[in-house]
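Student: sequence plus the predicted model coming up.
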Amino acid sequence: MNPPLVTVIIPSYNYGHLIDQTLESVQAQTYPHWECFVVDDGSTDHTPAVVARYAANDQRIKYIFQTNKREGAARNNGMRNGSGKYLQFVDADDLIEDRKLERQVCYLEEHPEADRAPQRSYQEGKRRRGHLF
């Protein structure tokens, strides 16, 4: 049986100055079975170029451009394109702990009645870090 795929969705609007760190925190996951969609909501900065660099080196990272429709529409766009069993939303200015996906998949596989895995987050400067448990 194949391990479940996690679809990571990152809506972004003019976060070229931070999206590299966000993508690096996704790439640092101990759970390797993920795909990531950065949905650019009409950025006018260098977001496309930054994401293109990461996508060129990691086939799991995909870039989607849409005209500015706001964050909810960007998330929906990512969901339409993803094929994972589980979804993980990450804001373009967030960092995620390196075992987040591993822990959440484990929890959800062990608790099939659950519709989401528990998590908490804390502030570190102006960036948020998401943590499980």
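Tutor: The structure has been received and is ready for your questions.
Student: residues touching the residue positioned nearest the centre of the chain, list them.
Tutor: The centre of the chain sits closest to V8, judged by CA atoms, centre = their mean, with a distance of 3.5 Å. For V8, the contacting residues are V26, W34, E35, C36, F37, Q88, F89, V90, L101, by CB atoms under 8 Å, 6 or more residues apart in numbering. Bear in mind the C-beta positions are built from the backbone N, C-alpha and C, glycine included.
Student: contacting residues around L23?
Tutor: I10, C36, V38, V51, Y54, I61.
Student: and the last one, how many neighbours?
Tutor: I61 has 22 neighbours, counted by other CB atoms under 10 Å.
Student: where's it relative to N68, distance?
Tutor: With distances defined as CB to CB, to the nearest Å, the gap from I61 to N68 amounts to 22 Å.
Student: K69 should be in a strand, yeah?
Tutor: No - assignment of K69 by DSSP: H, G, I helix; E, B strand; the rest coil gives coil, placing it outside any strand.
Student: switch to numbering from 29
Tutor: Noted, 29 is the first residue going forward, which turns the last one into K97.
Student: ok so, going back, out of the contacts of L51, who has the most neighbours?
Tutor: Top of the contacts of L51 by neighbour count (other CB under 10 Å): V66, with 30 neighbours.
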